[in-house]
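Visitor: What follows is a predicted structure for the sequence shown.
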Amino acid sequence: MTTQTLKLISVLVSEGMDKDWYGLELSKRAGLGPGTIYPQLKRLLVAGWLERRWEEIDPVEEGRPRRRLYRLTGAGESAARAALDEHLALLQRADAPSVGTPRPGLGLA
């Protein structure tokens, strides 16, 4: 899983399944450009992690176009949390010293 996908799913799970997100909001929160966000969203839709729908507003009354809203599915939230946990575990293992390898600053040569 790419770093960009991990950033995106961490934002999506930050408020759970009940939150609707729109692309620009996700782009800003994840610190990723729109050219990165939308292909990622499409992959997550195809994988069944997300569902999408059009915002139910009157564009004339709101003075802006309707937004496409994205929301995690139940399976998507579970899979996203598992992917984030797995990535965190990998980072923790990579940060742990190997057995028998002295750590700098411990006075072992």
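Guide: Yes, it's here.
Visitor: now residue 70, what's its secondary structure?
Guide: Assigned state for residue 70: strand (three-state reduction, DSSP: H, G, I helix; E, B strand; the rest coil).
Visitor: Actually, residue 38.
Guide: From three-state DSSP, the assignment for residue 38 is helix.
Visitor: hang on, it packs against residue 23?
Guide: Yes: between residue 38 and residue 23 there is a contact under C-beta atoms under 8 Å: 6.3 Å. Using the backbone N, CA and C atoms, a C-beta is placed for each residue, glycine as well.
Visitor: So residue 50 sits against residue 72, correct?
Guide: Yes: contact criterion C-beta under 8 Å: residue 50 and residue 72 qualify, at 6.2 Å.
Visitor: any shared contact partners between those two?
Guide: Shared contacts of residue 50 and residue 72 (C-beta atoms under 8 Å, 6 or more residues apart in numbering): residue 12.
Visitor: Tell me where the longest helix sits in the chain.
Guide: helix 74-95 (DSSP state H).
Visitor: Pull out the buried residues from that helix.
Guide: Going by neighbour count (16 or more other C-beta atoms under 10 Å), the buried part of helix 74-95 is 76-77, 79-80, 83, 87.
Visitor: Give the rounded mean pLDDT of that helix.
Guide: Helix 74-95 carries an average pLDDT of 90.
Visitor: between that helix and strand 68-72, how big is the angle?
Guide: 70 degrees (axes from the mean of the first three to the mean of the last three C-alpha atoms, to 10 degrees).
Visitor: what's across from residue 52 in the sheet?
Guide: Beta bridges link residue 52 to residue 70 when assigned by DSSP bridges.
Visitor: Name the spans of the chain whose pLDDT lies under the cut-off.
Guide: Counting by pLDDT under 70, the chain has low-confidence residues at 96-109.
Visitor: do that again at 50, thanks
Guide: Scanning the chain for pLDDT under 50 picks out 106-109.
Visitor: hang on, residue 59 packs against residue 67?
Guide: No: if you go by C-beta under 8 Å, residue 59 and residue 67 don't touch, sitting 9.9 Å apart.
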